[in-house]
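Student: give me a 3D structure for the following:
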Amino acid sequence: MEGFVAAGLIGVSLGAQYALLALGFTLIFGILGVVNFAHGGFYVLGGYVAYAAVHHLGAPYPVAVIAAALVTAATGYAFELFLVERRIDDHLATLMLTLGLYLVMSTGVLVVFGPESPQFAFPITGTLRGWGLYVPIANLIVLLVCLLAIGAVYALMYRTDFGRALRALADDRQVATAQGLRPRLLFPLAFALATGLAGLTGALVTPILSLAPHLGDPVLATSFLIVILGGLGSIGGATTAAFIVGMVEAYSSVYLGGSKGALVLFVLVLVILVVRPSGLFGREVRGA
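Tutor: Numbering: from 1, shown residues only. Predicted structure coming up:
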């Protein structure tokens, strides 16, 4: 019984991390209609910014996490404003731009920090014990911060004028523009929000797992899988799918092993997509 509960806690923790990543990915697609292939690169960049702030500048870890979110958000803002915005309606061009940015970021990290994984550990160690469970304190802190960030995103999107404006642009850009909304002002901010979430996740998670220049590929693949499962452009779908993926990954890995667990996850996704091709909360998406 303890093992079952422990696996559930792992699944919730994974789900919160995946949700924070997937929210950024689905925001960019839902609002701008852009598939951001650089999303995993922003996760890695956030991790390395936090690492550099702690080990080279001597900043406290919480300050480093905030710096990582701000740097990745600023990078995303500039990238959208000066490059993506010029080709916003050309899906192939934006795909190539984001893929090119990912290659630039991953190569830059490799040149600056080298190919080896740096020693980047979470500053708080120790384990909480109770009822036969052993839960690392670091994982609980990361889970709490992720849940708070997810709640903040929902509050921003559904309780503020800024969020309502972004959702209006996602629903019908032409009508929203005719009513006075300015995509050229709002799109870079949306991109910054999404990339800031990716950087925040990287700064939080990489000290617990690992940090390396090549980590962007699996992060992008997981984000893409979750967003497709939840329904492209759906915020609620991405969140729900992230926790489903986290729970399935945790339980299947514990009881079946890593390789079989991955197989179970992909089979589940295929079955769901066969039943609901648009995803759990899918809607009609933009054509290419």
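Student: got a list of what the residue lying closest to Phe113 once chain neighbours are set aside touches?
Tutor: Leaving aside its chain neighbours, Phe113 sits nearest to Tyr48 (6.1 Å; criterion: Cβ to Cβ, 6 or more residues apart in numbering). (Glycine included, C-beta is placed from N, CA and C.) By Cβ atoms under 8 Å, 6 or more residues apart in numbering, Tyr48 lies in contact with 109, 112-113, 202, 211.
Student: let's see 7 Å
Tutor: 109, 113, 211 (Cβ atoms under 7 Å, 6 or more residues apart in numbering).
Student: need the pLDDT of the second one.
Tutor: This points to Phe113. If you check Phe113, the pLDDT there is 94.
Student: tell me which other helices or strands the top helix by length along the chain touches.
Tutor: If each helix of the chain is counted by residues according to DSSP state H, the longest one is helix 2-32. Using 3 or more Cβ pairs under 7 Å, 6 or more residues apart in numbering; DSSP states H and E, the elements in contact with helix 2-32 are helix 39-55, strand 133-136, helix 137-159, helix 161-171, helix 183-205, helix 216-230, helix 235-256.
Student: could you tell me the least trusted of the ones you listed?
Tutor: Note on the helices and strands packed on helix 2-32: lowest mean pLDDT is at strand 133-136, with a mean of 79.
Student: can you give the contact residues for it?
Tutor: Strand 133-136 is contacted by residues 2, 5-6, 9, 127-128 when judged by Cβ under 7 Å, 6+ apart.
Student: convert the C-alpha atoms of it to CSV, please.
Tutor: In CSV, the C-alpha atoms belonging to strand 133-136 read as follows (Å, rounded to 0.1, in the frame of the first residue of the first chain):
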residue,chain,number,x,y,z
LEU,A,133,6.5,6.9,3.1
TYR,A,134,9.7,8.7,2.4
VAL,A,135,9.3,11.9,0.4
PRO,A,136,12.2,14.2,-0.5
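Student: list the buried residues for it?
Tutor: Across strand 133-136, burial judged by 16 or more other Cβ atoms under 10 Å covers 135-136.
Student: partners of that strand, with directions?
Tutor: Strand pairing for strand 133-136, using DSSP bridges, gives strand 127-130 (antiparallel).
Student: what's in contact with the strand it pairs with?
Tutor: 134-137, 140.
Student: with stretch 224-232 instead?
Tutor: 18, 22, 25-26, 29, 237-238, 240-242, 245, 269, 272, 278-283, 285.
Student: same check, this time on stretch 176-183
Tutor: 165, 168-169, 173.
Student: that older thread, which one of the helices and strands packed on helix 2-32 lies closest to Phe82?
Tutor: Smallest distance to Phe82 across the helices and strands packed on helix 2-32 (Cβ to Cβ): 9.1 Å, for helix 183-205.
Student: got the buried residues for that closest one?
Tutor: Using 16+ other Cβ under 10 Å as the test for burial, helix 183-205 gives 183, 186-205.
Student: next: stretch 232-249.
Tutor: Residues of stretch 232-249 classed as buried: 232-235, 237-249 (neighbour count, 16+ other Cβ under 10 Å).
Student: coming back round to it: for His91, see how far away the residue nearest to Phe113 is.
Tutor: 30 Å (Cβ to Cβ, to the nearest Å).
Student: Thr125 too?
Tutor: 46 Å.
Student: so for the two, which sits in the more crowded spot?
Tutor: Remark: of Thr125 and His91, His91 carries more neighbours, 15 against 9, as counted by other Cβ atoms under 10 Å.
Student: roughly how far apart are the more buried one and Leu32?
Tutor: Taking Cβ to Cβ, one finds His91 at 10 Å from Leu32.
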